[in-house]
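Q: here are the coordinates; sequence isn't available:
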């Protein structure tokens, strides 16, 4: 399929802004480029800001409670925002978390993990693991009687996959499902989608190299908690929903991770959304596809919740 007309329009608007390449900017400049969404935002039942003592310092979390209870159980979804482990925050992903809360009939806990390069790997993973454990400990006070899932977009999808691997290997807090939205799964920048969409489609190959350098420094980027696709085994991971975008540098590694999960016997629902760019889920007012994708994820999560409590 060709680019979605709104994808083309978005790229044209970005070109008109004439922003310098991300990898040429200072951290402060780069972090100003991903901003909180403007209204109107999805209406939820309740939003609560809290902090807990994390591995390095206090970690900020924001919980979103759904607008109205569904007929099934109330689920818990721990969310990790994207931004290449370097930019982004709870605020930048506010609307996506609101949408997921209502669609999945879930308390969504968004974790404001430490960012690289000030806090490189594995600090963000450690904060996300701690965020899961904190949220699980709170679930009964929130009335959660369904499943516990992890979710994230882009680098947040990478962190969600890492948290699920950690939970499997360390018999830590149970993860019943994972939702990976155009996730980073590998440090290999030589896939066909990286080469085909290296420039001109939003997220560039050079920008991803910049993100990886800030995140890993001189560490081995192929270790599984950094590159989940490189895990020796992905068997016995929880049911997984994988979303990729057709015109995204990360498309092929997301598809490859879904392939590996399926080959290992993991129940996987996957969709590569035609005509879309990386990050399209951040633009619900531009793409009708956002509501459709989130709706499908929500139906799947609620079915997982019902199956998990029967």
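A: Yep, that arrived. As the structure is a computational prediction, the values presented were derived from the model and not from experiment.

Q: and the helix or strand hosting residue 95, average pLDDT?
A: For residue 95, the host element (DSSP states H and E) is helix 94-104. Looking at helix 94-104 alone, the average pLDDT works out to 98.

Q: elements contacting it?
A: Helix 94-104 makes packing contacts with strand 58-65, strand 75-80, strand 106-112, strand 148-153, helix 288-308 when contacts are defined by 3 or more CB pairs under 8 Å, 6 or more residues apart in numbering; DSSP states H and E. In short, each C-beta sits where N, CA and C put it, glycine included.

Q: at 7 Å instead, please
A: strand 58-65, strand 75-80, strand 106-112, helix 288-308 (3 or more CB pairs under 7 Å, 6 or more residues apart in numbering; DSSP states H and E).

Q: distance from it to the middle of the chain?
A: Taking CA atoms, centre = their mean, to the nearest Å, the mean C-alpha location of helix 94-104 is offset from the chain mean by 12 Å.

Q: OK, contacts around residue 237?
A: Shown here is residue 237, whose contacts under the criterion CB atoms under 7 Å, 6 or more residues apart in numbering are 164, 168, 261, 266.

Q: apologies, that question was intended for residue 204.
A: The neighbourhood of residue 204, defined by CB under 7 Å, 6+ apart, consists of residue 198.

Q: make it 8 Å
A: The contact partners of residue 204, by CB atoms under 8 Å, 6 or more residues apart in numbering, come to 21-22, 198, 249.

Q: of those - the most surrounded one?
A: residue 249 (27 neighbours; other CB atoms under 10 Å).

Q: now do that residue against residue 145, distance only.
A: The spacing between residue 249 and residue 145, counted by CB to CB, to the nearest Å, is 40 Å.

Q: start to end distance for stretch 231-246?
A: Using CA to CA, to the nearest Å, the gap from the first to the last residue of stretch 231-246 comes to 25 Å.

Q: now do the strands in the stretch 101-250 of the chain.
A: Using DSSP state E, counting those that start in this stretch, the strands assigned to the stretch 101-250 of the chain run over residues 106-112, 148-153, 177-181, 240-247.

Q: rebuild the ones you listed as JSON lines, extending it with mean neighbour count and distance to residue 17.
A: Converted to JSON lines, the strands of the stretch 101-250 of the chain look like this (neighbours: other CB atoms under 10 Å; distance: least, CB to CB, whole Å):
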{"stretch": "strand 106-112", "mean neighbour count": "28", "distance to residue 17": "27"}
{"stretch": "strand 148-153", "mean neighbour count": "28", "distance to residue 17": "22"}
{"stretch": "strand 177-181", "mean neighbour count": "27", "distance to residue 17": "25"}
{"stretch": "strand 240-247", "mean neighbour count": "25", "distance to residue 17": "19"}
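
Q: re the thing from before, how about the contacts of residue 204 in TSV, adding distance to residue 63?
A: As requested, the contacts of residue 204 are arranged in TSV below (distance: CB to CB, whole Å):
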residue	distance to residue 63
21	36
22	31
198	39
249	32
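
Q: turn those residues into TSV, columns for distance to residue 295 and pLDDT.
A: Compiled in TSV, the contacts of residue 204 are given as follows (distance: CB to CB, whole Å; pLDDT from 0 to 100):
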residue	distance to residue 295	pLDDT
21	35	95
22	32	95
198	32	98
249	26	98
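
Q: residue 303: which of the residues you listed is nearest?
A: Closest to residue 303 out of those is residue 249 (31.4 Å), distances taken as CB to CB.

Q: distance of the closest residue in space to residue 230 that isn't next to it in sequence from residue 85?
A: If you skip the residues right next to it in sequence, residue 230 has residue 222 as its closest partner in space, 4.8 Å away by CB to CB, 6 or more residues apart in numbering. Going from residue 222 to residue 85 by CB to CB gives 16 Å.

Q: what packs against the helix or strand of the chain with the lowest mean pLDDT?
A: Each helix and strand of the chain was given a mean pLDDT (mean pLDDT, DSSP states H and E); the minimum falls on helix 288-308 at a mean of 93. Judged by 3+ CB pairs under 8 Å, 6+ apart, helix 288-308 is in contact with strand 75-80, helix 94-104, strand 177-181, strand 240-247, strand 268-277.

Q: between these, which gets nearest to residue 115?
A: When the helices and strands packed on helix 288-308 are compared by CB to CB, strand 75-80 sits nearest residue 115, at 11.8 Å.

Q: does anything pack onto that closest one? Which helices or strands?
A: On a contact count with 3+ CB pairs under 8 Å, 6+ apart, strand 75-80 meets helix 94-104, strand 106-112, helix 123-138, strand 148-153, helix 155-170, helix 288-308.
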